[in-house]
Structures are given as structure tokens and as C-alpha cells.
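> Provided below are the primary sequence and the corresponding predicted coordinates.
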Amino acid sequence: MLNKFRPNYSLDQLIDDLYKTLSDLSTTYEQWLFKKLHENTNSGDIYFAFSLVPRFIPRISIKLREGCFSNSLEELKHSKEYWSADQIARLIILLKASKSGEQKFQELLQMLLSTADYNEQISIYKSMIFLPYHELMINNVIDGLRSNIGEVFDSIALKNCYPSMYFEEAAWNQMVLKALFIGRPIGEIIGIDERINARLSQIAIDLAHERWAAGREVNPDLWRVTVGYLDETNLNDIKRLLSGNEKEQIVGKYLCSVSSVDSLKKLVVGQSFGKYSWEQI
Amino acid sequence: MNNTKRKLIDPHVHMTSRTTNDYQAMAESGIVAVIEPAFWLGQPRTEVGSFKDYFSSLIGWERFRASQFGIKHYCTIGLNSKEANNEALAEKVLEILPLFLCKEGVVGVGEIGYDDQTELEDRYFRKQIEIALELEMPVQVHTPHRDKKQGTTKSMDVCTEMGIKPDMVVIDHNNEETVKEVLDRGFWAAFTIYPHTKMGNERMVEIVKQYGSEKIMVNSAADWGISDPLSVYKTANLMESMGISAIDINKVVYQNALSFFAKSGQMKEEDWSRLNIDQTGKFQGNSILRGGQQPGVNPNIIV
């Protein structure tokens, strides 16, 4: 387990900043939400407010107000750009609701998730790391990854630091494997390089072999999660990459260059190909 | 038939019970949007959780499945008449209805009404009209197969008694015997075109000839039984070949359904003009595409 997230801002400060973020877009959005949340306090009303958001606050992208989340986003490598107005409104609702205490809030979140449409699910999963008691929701987040709806999977797996901070190895590996399997851009998984492990590397190599055997293409990005774990037994895999298409060749060379295994290093001896990072590849 | 494809809406179809082949054929025929009313699944449910998961699938998985074929999916949520007869269960279902009715893309309360016309059916029909009034939502009324004529009249009587405007109610599964009263009283009239039963498409053409196209709409009500998800398409074609004007056809197979369900505030023409089909980007492997399948580049084909 990596570090747990401990925010360096207060709940009220965040709620205030988010309200301002909404009113920067339109004061009517802020006013509707404010009214909704001050009229109503029981969980049924909160539930309705959560459902009703898109009728009053549109799904348009939004620029976070400076200082919002303090500097936590940078620290978390959590994307600043990916919120929409309705998602910010729903985050405010959840933050306010969390004041009812651990148990009540847990119950509300469970209820919301079990009846959520997919935009609601996406909002909740994107917000999760910022919600109080979020460390108690690991199993719900893992469950969200089982969705066959790509956008729901993406809202957890990509540009979201929750998995890298809270998932055990098995759950982490399953998430990365599913992302590879369904062709998601694994470079957008936060912590992808930091959480490489022997088991994940082997699973990825097995997947590559299985795809090759079926005559299907293997996205060269797959090899990103094998870095540090390739050895002599992978010599043929690397040779195959080196004789593949342009991107495969670059990936093959890169893998050899960062390897500490002599037989792999030798494959690219004397060749210069500049410096690559996965982002450039 | 036509080179320029006619846009169609099927305002009553149970896609949960249909295959992807149907979606494909419907998209090819010109169906841009469907409305799926919550209904009886054939096997009676015994737990409220079954309803909860069913409602969730209408706003979740089924909506997603439809989007993969370029079809915009909406639903109506309600307790159907058959299962209203299980009082203990019905009470619990009524409790969870409000959780779903305010969700995006829920365009009404439905399908509700009478089956055996029992007291319990009556009680839950009324309770659900009350909810619709509170939320200002349209109502989709199922009329009984047996004792249809009186059952239809009674359904409208109850609506009037409860104070919901006829303009907010569509009475479904009409026939030659019921349509006049429904229209005269200001309700919307839907016709289900089932192969062999209820209404055939020729009979439908005659009805439009006689009553015109105001407040009339056609649906397939295709479900797990013998039914035809292309009923709306076929009826439109037959109307055309029998000399009904393009304007009238458009109303009956598209515009009236849109005008009626748009009253929910949850259905707009832009919803499907902007819908783009993305089987490649987001959904491969274990989604609707099985290992190795190639996604369609257009709504038509999954190789």
C-alpha cells in the first residue's frame, strides 16, 4: 500500500471553493444547489438532489478555481482538467452529506451506488479520493471496475489516484490487466510504473503470448508493466518486438536499454536511439 | 424503400428481452430512439431487490447497449399491473420508485394500469398517478388484454378522478373499439402492432385514415414473446404505400412520441442527433464485443 491521502485543506474550505467554481460558470447553478442543500437534510432529499443535478447543471467541462483542493491535485497527480459542472455539483452534495458521520454517509454512498445510472457512478468514483472515509470504500471501487461500461471503468482506472493508493496487489493487477485487455491507454493509470510487480509482469507477458497465438496484435504499451522483470526467458519476445513494426522496435530497444540482463542488453549493443520515456513512445 | 431514411421512434419496446441482432436491424431501419417501459418479466419477482436491479439495468446496462448501435434509450419506471397483486411486494416497490424516477432519461411513470382489474391493481395505479402528479411526469398506461374496452374507459376515469391532465397520459394498446373515446377525451393513443394479434399493420393504416395523425403513435411492444421490433418501420412503409401523407406518417411514427415524452424534460431531438457510436474507443473485449470481434465503424455491422 502506498501513502494514504490526507488532505491539507478543510472540508468547508473545499466546499466553498467548489461552490465558487460553479458560480464562476453561472450563479444560477450555485444558487440552485445551495437552495437544494439548505432546504433538505435527510438522506432521501440528498438522494433526490443527487439525481436531479443534470436537470439544472449541465455536463460541460469546468475550470477549477485557483487553489481548489489546495495543492493536493499536483501531489496526487490527479488531473485538474477532467471535471464537468454536474460532477462538481455532485461532489459538493457528497461532501456536505459526509457531515452526517461515518455510518450514515457510508449507507448513503452504498444506496447511491446500488441505484446509480452510469453518469452518477462516474461522478462518485471520480470524487471518491476527496470524500471523507474514502478508505472504507475500497471494495466498492473494486466492484466498479467490474463494469462492462467503459466510461465507468475509465473513471476509476484512468487519471484517478485512488487505486494506486489503496488497492492491494491482486486488485491492482486485475485493473491493469483489464485495461490492457480492453485497450485502454495504460499511460493514464496513475502509479503505473511505480506499482509494477513480478506477478503483473508475468500476467502481461502471458497475455501477449495468448494474443500472438491467436494471431492478434499486441499493443506494445503492454511491455511497460514488465520493466525490471524481463530475463533470459523473454529473449524471443524481445527479438519479436525488435523485428516488428516501428513502435514495437522502439519498445524493444527501450526494454533492452533499461534491462540489467546481459543477454537482453547485448541485443542493442552499439545502437543509439536517443532517450525515450514511455510518454514519448 | 426510401433512399432518405425516415427517422423512427419506438415508444414502447422491451429491449431487455431482445438481442443485439434486433438492435442492429432497428438501427438500420431508421429507429433513432426507443422508450422501454418497466414491465413484467414473464417470471414473477418475489423480492424488491429484483425490481431495484431491473430498474437499474434500464437506466444503466440497457441504455449503454442501445448506445452501441446508435440508438438513444429512454425508459419509464413503474410497478406493472400484474405484480401489483402481490401486496407485500408492491408496497416495497412503491418505496423505491422515487429513487429512480428523477434519474436522467426517465421519461415517465409506466407502464402502469390494469390487468385483472382487481382492487390492488386499482390501489397501486392510483398511487403511481399520484407520484407522477407530484413529479410532473407523463404516464404510460397499459390497458388490459381481457375486458379491454371497459378497462380502458376505467383507466381514463381514474386518471380524470386523480386530476392528471389527459394530455400528460398516453393510453397504450388501443384498437378500433377504444380509440375514439381515448382521443375524444384528450388522451394520447398508442397502438401496439403485434404480428398475428392485437393490431395488424393494415388495421393501423385504416385507423390513421379514419382518425388522422393527431395524438396517435405506433409501437412494437416487442418483448420476450413473439413480436416484431420492426413493427414501427413496417407500419410506416405500409402507410406510405397506401397513400398516407409523409407528414401524417412522421407524426405517427416519430413526432408524436417525441412531443409526448418530451414533457418529462428528459428527451430532446438533439439527444440522438449528437449521439455518436463508439464501439472502438470504449468498449472492447468483454463488453458487447467478444474477443477478437471487430467493432462496427458505423451503426450497422459488428463483423
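Perfect, I can see it now.
> the strands in the stretch 1-150 of chain B, which residues?
Counting by DSSP state E, counting those that start in this stretch, the stretch 1-150 of chain B has strands at residues B:8-10, B:31-37, B:72-77, B:106-113, B:139-142.
> right, and these - which one's nearest chain A?
strand B:106-113 (8.9 Å; C-beta to the nearest C-beta). Every C-beta, even on glycine, is put in place using the N, C-alpha and C of the backbone.
> Mean neighbour count, mean pLDDT and distance to A:Tyr133 added to the strands of the stretch 1-150 of chain B, as TSV?
Formatted as TSV, the strands of the stretch 1-150 of chain B follow (neighbours: other C-beta atoms under 10 Å in any protein chain shown; pLDDT from 0 to 100; distance: least, C-beta to C-beta, whole Å):
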stretch	mean neighbour count	mean pLDDT	distance to A:Tyr133
strand B:8-10	26	98	44
strand B:31-37	26	98	36
strand B:72-77	26	98	31
strand B:106-113	29	97	30
strand B:139-142	28	98	40
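> Quick check: residues of the stretch 51-200 of chain A near chain B?
A:51-52, A:54-55, A:111, A:114-120, A:148-151, A:154, A:178, A:181-183 (C-beta under 8 Å from any C-beta of the partner chain).
> Helix or strand next in line after the helix or strand bottoming out on mean pLDDT in chain A, which one?
Lowest mean confidence among the helices and strands of chain A (mean pLDDT, DSSP states H and E): helix A:72-76, at a mean of 78. Going down the chain from helix A:72-76, the next helix or strand is helix A:85-97, by DSSP states H and E.
> Touching that next one from outside, list them.
A:11, A:14-15, A:18-19, A:21-22, A:25, A:29, A:33, A:37, A:43, A:46, A:49-50, A:53-54, A:57-62, A:83, A:105, A:108-109, A:119-120, A:122-124, A:126-127, A:130-132 (C-beta atoms under 8 Å, 6 or more residues apart in numbering or on different chains).
> List buried members of the residues you listed by neighbour count.
By neighbour count, with 16 or more other C-beta atoms under 10 Å in any protein chain shown, these hold A:14-15, A:18-19, A:21-22, A:25, A:29, A:33, A:37, A:43, A:46, A:49-50, A:53-54, A:57, A:62, A:83, A:105, A:108-109, A:119-120, A:122-124, A:126-127, A:130-132 as buried.
> got a list of what residue 137 touches?
If you meant another chain, say so; for now it's chain A. Per C-beta under 8 Å, 6+ apart, neighbours of A:Met137: A:Gln106, A:Leu109, A:Met128, A:Leu131.
> other chain: chain B
B:Leu101, B:Val106, B:Val107, B:Gly108, B:Val109, B:Ile131, B:Met168, B:Lys263, B:Ser264.
> got it, and A:Ser23?
Taking C-beta under 8 Å, 6+ apart, we find A:Ser23 in contact with A:Tyr29, A:Glu30.
> hang on, it in a strand?
No. Using DSSP: H, G, I helix; E, B strand; the rest coil, the assignment for A:Ser23 is helix, not a strand.
> before we move on, back to that, same list as before, the strands of the stretch 1-150 of chain B that is, but in a markdown table and with distance to chain A included.
Output for the strands of the stretch 1-150 of chain B, formatted as a markdown table (distance: least, C-beta to the nearest C-beta, whole Å):
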| stretch | distance to chain A |
| --- | --- |
| strand B:8-10 | 21 |
| strand B:31-37 | 14 |
| strand B:72-77 | 10 |
| strand B:106-113 | 9 |
| strand B:139-142 | 19 |
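> looking at those strands, which is closest to A:Val225?
Among those, the nearest to A:Val225 by C-beta to C-beta is strand B:72-77 (36.5 Å).
> follow-up on the earlier one: closest one of the contacts of A:Met137 to chain B?
For the contacts of A:Met137, the nearest to chain B is A:Leu109 (14.2 Å; C-beta to the nearest C-beta).
> what's the nearest residue to that closest one if we skip its chain neighbours?
A:Met137 (6.7 Å; C-beta to C-beta, 6 or more residues apart in numbering or on different chains).
> Next, count neighbours for the residue of the stretch 1-150 of chain A found nearest chain B.
Closest approach between the stretch 1-150 of chain A and chain B, counting by C-beta to the nearest C-beta: A:Gly150, at 3.2 Å. Residues contacting A:Gly150 under the criterion other C-beta atoms under 10 Å in any protein chain shown number 22.
> Over to A:Asn219?
17.
> How about the secondary structure of the closest residue in space to it that isn't next to it in sequence?
Excluding the flanking residues, the one nearest A:Asn219 by C-beta to C-beta, 6+ apart is A:Gly183, at 6.6 Å. When classified by three-state DSSP, A:Gly183 comes out as coil.
> May I see the buried residues of stretch B:186-203?
For stretch B:186-203, the neighbour count (16+ other C-beta under 10 Å) marks B:Phe187, B:Trp188, B:Ala189, B:Ala190, B:Phe191, B:Thr192, B:Ile193, B:Tyr194, B:Lys198, B:Met199, B:Gly200, B:Asn201 as buried.
> For the second one, give its distance to chain A.
Looking back up the chat, that one is B:Trp188. Counting by C-beta to the nearest C-beta, to the nearest Å, the separation of B:Trp188 from chain A is 23 Å.
> so that residue bridges to which residues?
B:Val170 (DSSP bridges).
> Can you check the pLDDT for it?
On pLDDT, B:Trp188 comes in at 98.
> Outside of stretch A:57-66 itself, which residues are in contact with it?
With C-beta under 8 Å, 6+ apart, stretch A:57-66 has contacts from A:17, A:20-22, A:24-25, A:29, A:32-33, A:73, A:80-81, A:83-89, A:119.
> Mind doing that once more with 6 Å?
For stretch A:57-66, the external contacting residues (C-beta atoms under 6 Å, 6 or more residues apart in numbering or on different chains) are A:Asp17, A:Lys20, A:Thr21, A:Leu25, A:Tyr29, A:Lys80, A:Trp83, A:Ser84, A:Ala85, A:Asp86, A:Ile88, A:Ala89.
> which ones are touching the second one?
The neighbours of A:Lys20, taking C-beta under 6 Å, 6+ apart as the test, are A:Arg65.
> For my notes, confirm it occurs in a helix.
Yes. The assignment for A:Lys20 is a helix, going by three-state DSSP.
> quick one: it from A:Leu14, how far?
11 Å (C-beta to C-beta, to the nearest Å).
> Kindly report the same for A:Asp45.
Distance, A:Asp45 to A:Leu14, using C-beta to C-beta: 22 Å.
> Also B:Pro44?
48 Å.
> A:Glu246 now?
Distance from A:Glu246 to A:Leu14, by C-beta to C-beta: 46 Å.
> Same check on B:Ile244?
60 Å.
> cool, and A:Leu267?
For A:Leu267 relative to A:Leu14 (C-beta to C-beta), the value is 51 Å.
> likewise B:Pro11?
Taking C-beta to C-beta, one finds B:Pro11 at 44 Å from A:Leu14.
> One more: A:Trp83?
A:Trp83 is 13 Å from A:Leu14, by C-beta to C-beta.
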